[in-house]
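> Provided below for reference: sequence and predicted model.
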Amino acid sequence: MDDATEPLFSYGTLQYPDVQREQFGRLLAGSADALTGYRLGRIAIADPEVVRKSGETHHPVLAPDPDGSHRVGGTLYWITRQELEAADIYEAGEYERQRVTLESGKSAWVYVAAPGLQME
């Protein structure tokens, strides 16, 4: 898409084809990338609509890694501003969108644990 100007790094359910079709109305093309300095945990999802779309009651979530040694693999997508807003709706509540630098050196948006969120 020509207006796909927003880089989004996904390490969880936004990589699922069914979630992409429901949330963005299309399948996203992406490339493998990774993020260091964060650790991966899991959280319970409160929104029944998000659970319905993903088919999962618990989703992965990122939190800063105190020693900076953890690495989380995922996919870098280029999406439109409207799709980024749709992703914000999908990730509302448990997540916060932040800008990070990936291993590739590219800057991207990523959803991390919201302040005060308890990971499992």
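Happy to help now that I have it.

> Okay, buried residues for stretch 73-85 please.
74, 75, 76, 77, 78, 79, 83, 84 (16 or more other Cβ atoms under 10 Å). In this view, the C-beta of every residue, glycine as well, is placed from N, C-alpha and C.

> just checking, which of those residues belong to helices?
Counting by DSSP state H, the buried residues of stretch 73-85 place 83, 84 in helices.

> Kindly indicate which of the buried residues of stretch 73-85 lies nearest residue 57.
Comparing the buried residues of stretch 73-85 against residue 57 with Cβ to Cβ picks out residue 74 as the nearest, at 20.9 Å.

> Just give me the neighbour total for the nearest residue to the closest one once chain neighbours are set aside.
Spatial nearest neighbour of residue 74, excluding adjacent residues (Cβ to Cβ, 6 or more residues apart in numbering): residue 11 at 3.5 Å. Using other Cβ atoms under 10 Å, residue 11 has 20 neighbouring residues.

> Pull up the gap between residue 11 and residue 33, please.
Residue 11 is 10 Å from residue 33, where distance means Cβ to Cβ, to the nearest Å.

> Equivalent analysis for residue 88, please.
Residue 88 is 21 Å from residue 33, by Cβ to Cβ.
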